[in-house]
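Participant: Take this sequence and fold it.
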Amino acid sequence: MELTKLILDLIRVILQIIVALMQLTGHAG
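Facilitator: Purely as a prediction, here's the structure:
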């Protein structure tokens, strides 16, 4: 089991969600 790879994938997904939320709030405000 590659725990570090799992964590990196999780961080990548979280960053994508944060960027998407920032874009949504940017368009709204």
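Participant: what about the helices in this protein?
Facilitator: Along the chain, the stretches classed as helices by DSSP state H are 3-28.
Participant: residue ranges with poor pLDDT in it?
Facilitator: Along the chain, the model assigns pLDDT under 70 to residues 28-29.
Participant: Next one: Val13 from Lys5, what distance?
Facilitator: Using Cβ to Cβ, to the nearest Å, we find Val13 at a distance of 13 Å from Lys5. Quick note: C-beta positions are derived from backbone N, CA and C, even for glycine.
Participant: swap that for Gln16, sorry
Facilitator: Following Cβ to Cβ, the distance that separates Gln16 from Lys5 is 17 Å.
Participant: Next: Val19.
Facilitator: Taking Cβ to Cβ, one finds Val19 at 21 Å from Lys5.
Participant: can you check Thr25 too?
Facilitator: 31 Å.
Participant: go on, Met22?
Facilitator: 26 Å.
Participant: same deal with Ile17?
Facilitator: 19 Å.
Participant: and what of Ala20?
Facilitator: Distance from Ala20 to Lys5, by Cβ to Cβ: 23 Å.
Participant: Could you tell me how many residues sit around Ile18?
Facilitator: 10 (other Cβ atoms under 10 Å).
Participant: Next: Gln16.
Facilitator: 10.
Participant: do Gln23 as well
Facilitator: 10.
Participant: Could I get the contacting residues of it?
Facilitator: Residues near Gln23 by Cβ atoms under 8 Å, 6 or more residues apart in numbering: none.
Participant: ok, now how distant is it from Asp9?
Facilitator: 22 Å.
Participant: can you check Glu2 too?
Facilitator: Counting by Cβ to Cβ - Glu2 and Asp9 are separated by 10 Å.
Participant: which one of these two has more residues nearby?
Facilitator: Neighbour count, other Cβ under 10 Å: between Glu2 and Asp9, Asp9 has more, with 11 against 8.
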